[in-house]
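Visitor: Mind looking at a prediction? Sequence and model below.
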Amino acid sequence: MKKLVSGLKAGVKGFSDAFAPGRYLAGALSVRCPHCEGELFREHEALLNTTGASLLNLDWLDTSGTALLCENCGLIQWYAKKPKRL
């Protein structure tokens, strides 16, 4: 029973750590906010919709991008290639 409880705690910690703000590398450079020079970001993935696909209700065919939201000021930076989390 102790192993089950400790396993569940580890799973919850790992899940919450995945959504915690973090530092990132993009193109071998550390990502910094150009507005406030913050280094902590929250990561979100979103579809990069195109007009043609939206017109034909084919949004699901569009590619996705990664948005990093500055934890300090909220500025959003978009990346076509997913930045590496440190």
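Guide: Noted; the coordinates are in hand.

Visitor: CA atoms for contacts and neighbours, from now on please.
Guide: Will do.

Visitor: Can you show me the helices along this structure?
Guide: With helices called from DSSP state H, the chain shows them at 2-18, 51-55.

Visitor: can you give me the strands in this structure?
Guide: 24-26, 29-30, 41-47, 64-70, 76-79, 84-85 (DSSP state E).

Visitor: I'd like to know which elements the fifth one is packed against.
Guide: Same thing as strand 76-79. Contacts defined by 3 or more Cα pairs under 8 Å, 6 or more residues apart in numbering; DSSP states H and E place strand 76-79 against strand 64-70.

Visitor: again, but for the third one
Guide: Applying 3+ Cα pairs under 8 Å, 6+ apart, one finds that strand 41-47 contacts strand 64-70.

Visitor: tell me the angle of the strand it packs on relative to strand 41-47?
Guide: Calculated by axes from the mean of the first three to the mean of the last three Cα atoms, to 10 degrees, strand 64-70 forms an angle of 150 degrees with strand 41-47.

Visitor: Under the pLDDT cut-off, which ranges of the protein? List them.
Guide: Along the chain, segments meeting pLDDT under 70 span 4-19, 47-62.

Visitor: Of the strands of the chain, which stretch is the most buried?
Guide: Ranked by mean neighbour count, the strands of the chain are led by strand 64-70 with a mean of 20 (mean count of other Cα atoms under 10 Å).

Visitor: Pull that one out as CSV, backbone CA atoms only.
Guide: Output of strand 64-70 as CSV, limited to C-alpha atoms (Å, rounded to 0.1, in the frame of the first residue of the first chain):
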residue,chain,number,x,y,z
SER,A,64,0.6,23.6,-34.7
GLY,A,65,3.0,26.0,-33.0
THR,A,66,4.3,26.5,-29.5
ALA,A,67,3.6,29.7,-27.6
LEU,A,68,5.7,30.6,-24.6
LEU,A,69,4.0,33.0,-22.2
CYS,A,70,6.2,35.1,-20.0
